[in-house]
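Asks: okay, here's the prediction I keep looking at, along with the sequence it came from:
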Amino acid sequence: MTHMKLLLLSFAFLFSVASAAQKITIQEDQTKIYFTFPDQDVEGELSDFKFTGAIDLNTIEAAVISGSAATETLDTDNWFRDRHLRSKKYFSAKAHPLLYFKSNRIASTNSGFRVSGQLTIKGITQNCIWNFTIQENNLIGTAHINTHDYNIKVYDEQSRNNVSIKIVLPYTK
């Protein structure tokens, strides 16, 4: 084999390896976290999201999805309710300024991937499962929790403390 052919094959191999990796960068400043108390028709958002994981879309099972959001940013578009929810009785934002999540297992699904991990709210860590889809340049995850599991009893009846969470993680390649 001539040196030129060897050089061309080397470049082709390097290009195919480089193009196979689809490492992405999460755009933290554009990330949106939405929550809904379906039983009460209350919606809100969290912001000040920090991503600390690493994701390669081609090897999603090896990815690490982790991050935090600031409790103080809880916003339901009602300042009185927001202040109340940030108080000691509920989210205790001063004592617990961040909500944390860290994946411990990721599996591909027909429509995207499922992330199992640990969600920490108000210093209490519980298992949490997120279902993610990929839409354009966004990872969109949904999860369901019960705030009662985190010692946040918005309502006396445990079933009324169910919350749906949606996170939109814009990314660049």
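Replies: Ah, there it is.
Asks: tell me who's in contact with Glu43.
Replies: Tyr34, Phe35, Thr36, Phe37, Thr76, Asp77 (Cβ atoms under 8 Å, 6 or more residues apart in numbering). Quick note: C-beta positions are derived from backbone N, CA and C, even for glycine.
Asks: measure stretch 146-158 end to end?
Replies: 8 Å (Cα to Cα, to the nearest Å).
Asks: circling back to that earlier point, quick one: buried ones out of the contacts of Glu43?
Replies: In terms of neighbour count (16 or more other Cβ atoms under 10 Å), the buried residues within the contacts of Glu43 are Phe35, Thr36, Phe37, Thr76.
Asks: lowest-confidence entry in the residues you listed?
Replies: Ranked by pLDDT, the buried ones among the contacts of Glu43 bottom out at Phe37 (86).
Asks: list the contacts of it.
Replies: Glu43, Val154, Arg160, Asn161, Asn162, Val163.
Asks: the second one belongs to a helix, doesn't it?
Replies: Right, Val154. No - secondary structure of Val154 (DSSP: H, G, I helix; E, B strand; the rest coil): coil, not part of a helix.
Asks: look up how far Asp41 lies from it.
Replies: 13 Å (Cβ to Cβ, to the nearest Å).
Asks: since that was my last question, I'll sign off now.
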